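K.L.:
structure for the following, please:
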Amino acid sequence: EALADIQNLTAELTAIQEALNLTDTDFIHYHAQECKYLEGLKQTPVKDHLSIYYIGVLDELAKCQNEWNSAREAANHSLFEIHPGSLHDMYLALNQARIRVDTVYSKLQNTE
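P.N.:
The predicted structure follows:
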């Protein structure tokens, strides 16, 4: 039965080759193209990689902006908590707030 199938399929293949003017080399070429195409489907498109990266950067930017707003609020709030008579306490609070704001601002710039 297998031999009969081989003979029938060989006859059909020969008829197709003649009708479409194909050679055995054409089938090898088509097979190589199909393998290359299927391998390409395994890889994520560049646009998808960029979209994923872009979303990650937007998340990082939002986090830095929140941190920036928090640092600004802390700096402004610290000015109200200082007793007017203590210049040293005022200096320390302002210096601490400046350092925090500068650090967060630097992070924000690097994110953008």
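K.L.:
any idea how far the helix or strand hosting residue 80 is from the middle of the chain?
P.N.:
Assigning secondary structure by DSSP states H and E places residue 80 in helix 46-81. Distance, stretch centre to chain centre, for helix 46-81: 18 Å (C-alpha atoms, centre = their mean, to the nearest Å).
K.L.:
immediately after it, which helix or strand?
P.N.:
Assignment by DSSP H and E places the next element after helix 46-81 at helix 87-111.
K.L.:
can you mark which positions in the helix holding residue 80 are buried?
P.N.:
Using 16 or more other C-beta atoms under 10 Å as the test for burial, helix 46-81 gives 64, 67, 68, 71, 75, 78. No exception for glycine: its C-beta is placed from N, CA and C like everyone else's.
K.L.:
need the helix or strand of the protein with the lowest average pLDDT.
P.N.:
When each helix and strand of the chain is scored by mean pLDDT, DSSP states H and E, helix 87-111 comes last, with a mean of 78.
K.L.:
before we move on, the earlier item: what is the helix holding residue 80 packed up against?
P.N.:
Packing contacts for helix 46-81, counted by 3 or more C-beta pairs under 8 Å, 6 or more residues apart in numbering; DSSP states H and E, involve helix 87-111.
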